[in-house]
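*Asks:* what follows is a protein structure lacking sequence information:
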């Protein structure tokens, strides 16, 4: 089984061009399944084996989304094995995935975003790390980036004249997204003070590219400083970006492009509206409002 997992991993890296994080997750899921079947020959794995594995996952009280992801990894794996001729029939075809719970993404109000960003300049406007932090928060909210996309930005990826960013997203797919003048101004001010010989856009105090962990840390720091509700994270900027665009009239397809979603269904979780927006639409549309 191990050698087939390695073949599949190479296929994901070379032919599918998946990101390193996606490949690692697939591999971990498959190694977990390999441990469960404990040396069973590939040809002996059948529908019943997979049902037993699904039962074990449910006994561990894992979230439905986690179980669904592990089954998705197995589906891709067995589909690959069938296509390459390593097995004659696909044992997972009849196995159904658990129904996923639907959760509305958490987001900040426009006022909360403003308070959070302003807290980055609360102490001094001339401190280099303060300038960097404000630029990071502004770019986060202005362009709706994933945290990995933000830390991966280089100096040549930002076009100050056209007001656009070149993003390398999931699966190494590139896309162009706009960036607002407020965020551009914050980045300019930061770049005027930092070492311009290093290609990475955002640097840590060691003058190296800032990590995702470093960004999460600074978001928590400013959350505490601004008194925003708990439960907000770096990814909440992305949720807030999409929610605010839709609430102000942007169409779903445009938001899909900006977020870099491959499927429109991934973007549809943002079609919720704030209570104020719902009340406003109701007051305008209902004859007895």
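*Replies:* Nice, I can see it. Note that the coordinates shown come from a computational prediction; the quantities given were computed from them, not determined experimentally. Numbers count the residues shown, from 1 in each chain.
*Asks:* what is whichever strand or helix holds residue 137 packed up against?
*Replies:* Using DSSP states H and E, residue 137 falls within helix 128-143. Applying 3 or more Cβ pairs under 8 Å, 6 or more residues apart in numbering; DSSP states H and E, we find helix 128-143 packed against helix 110-118, helix 147-151, strand 164-168, helix 181-191, helix 212-226, helix 236-247. C-beta here means a position set from N, CA and C on the backbone, and glycine is covered the same way.
*Asks:* show me the shaky parts of the protein.
*Replies:* 98-105, 122-126, 171-172, 229-231, 269-278, 281, 288-289 (pLDDT under 70).
*Asks:* most centrally placed residue in it?
*Replies:* The chain has residue 146 as the residue nearest its centroid, 4.8 Å off, counting by Cα atoms, centre = their mean.
*Asks:* what's the closest non-adjacent residue to that one?
*Replies:* residue 238 (6.5 Å; Cβ to Cβ, 6 or more residues apart in numbering).
*Asks:* test my guess that the one you found contacts residue 141.
*Replies:* No - counting by Cβ atoms under 8 Å, residue 141 is not a contact partner of residue 238; they are 9.0 Å apart.
*Asks:* dump the residue contacts of the residue nearest to residue 146.
*Replies:* Shown in contact with residue 238 (Cβ atoms under 8 Å, 6 or more residues apart in numbering): 140, 144, 145, 146, 259.
*Asks:* 10 Å instead?
*Replies:* Neighbouring residues of residue 238 by Cβ atoms under 10 Å, 6 or more residues apart in numbering: 105, 107, 140-141, 143-147, 149-150, 259, 270.
*Asks:* just residue 26 next, same as before
*Replies:* 5, 8-9, 12, 16, 18, 69-70, 72-74, 76-77.
*Asks:* which one of these is nearest residue 204?
*Replies:* residue 18 (27.5 Å; Cβ to Cβ).
*Asks:* I'd say residue 90 and residue 76 touch.
*Replies:* No - contact criterion Cβ atoms under 10 Å: residue 90 and residue 76 do not qualify, at 11.2 Å.
*Asks:* more crowded one of these two?
*Replies:* residue 76 (18 against 15; other Cβ atoms under 10 Å).
*Asks:* in three-state terms, label the more buried one for me.
*Replies:* Classification of residue 76 using DSSP: H, G, I helix; E, B strand; the rest coil returns helix.
*Asks:* again with residue 279
*Replies:* Going by three-state DSSP: residue 279 is helix.
*Asks:* quick check: it vs residue 285, distance?
*Replies:* 11 Å (Cβ to Cβ, to the nearest Å).
*Asks:* same check on residue 248?
*Replies:* From residue 248 to residue 285 the distance is 17 Å (Cβ to Cβ).
*Asks:* with residue 116 instead?
*Replies:* Residue 116 is 33 Å from residue 285, by Cβ to Cβ.
*Asks:* give me the neighbour count for residue 131.
*Replies:* 23.
*Asks:* show me what contacts it?
*Replies:* 120-121, 124-125, 186-194.
*Asks:* filter these to the buried ones?
*Replies:* Those of the contacts of residue 131 that meet the buried threshold are 120, 186, 187, 190, 191, 194, by 16 or more other Cβ atoms under 10 Å.
*Asks:* so can I have CSV of the residues you listed showing distance to residue 214?
*Replies:* Formatted as CSV, the buried ones among the contacts of residue 131 follow (distance: Cβ to Cβ, whole Å):
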residue, distance to residue 214
120, 14
186, 18
187, 17
190, 15
191, 18
194, 15
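*Asks:* which among those gets closest to residue 41?
*Replies:* residue 187 (56.7 Å).
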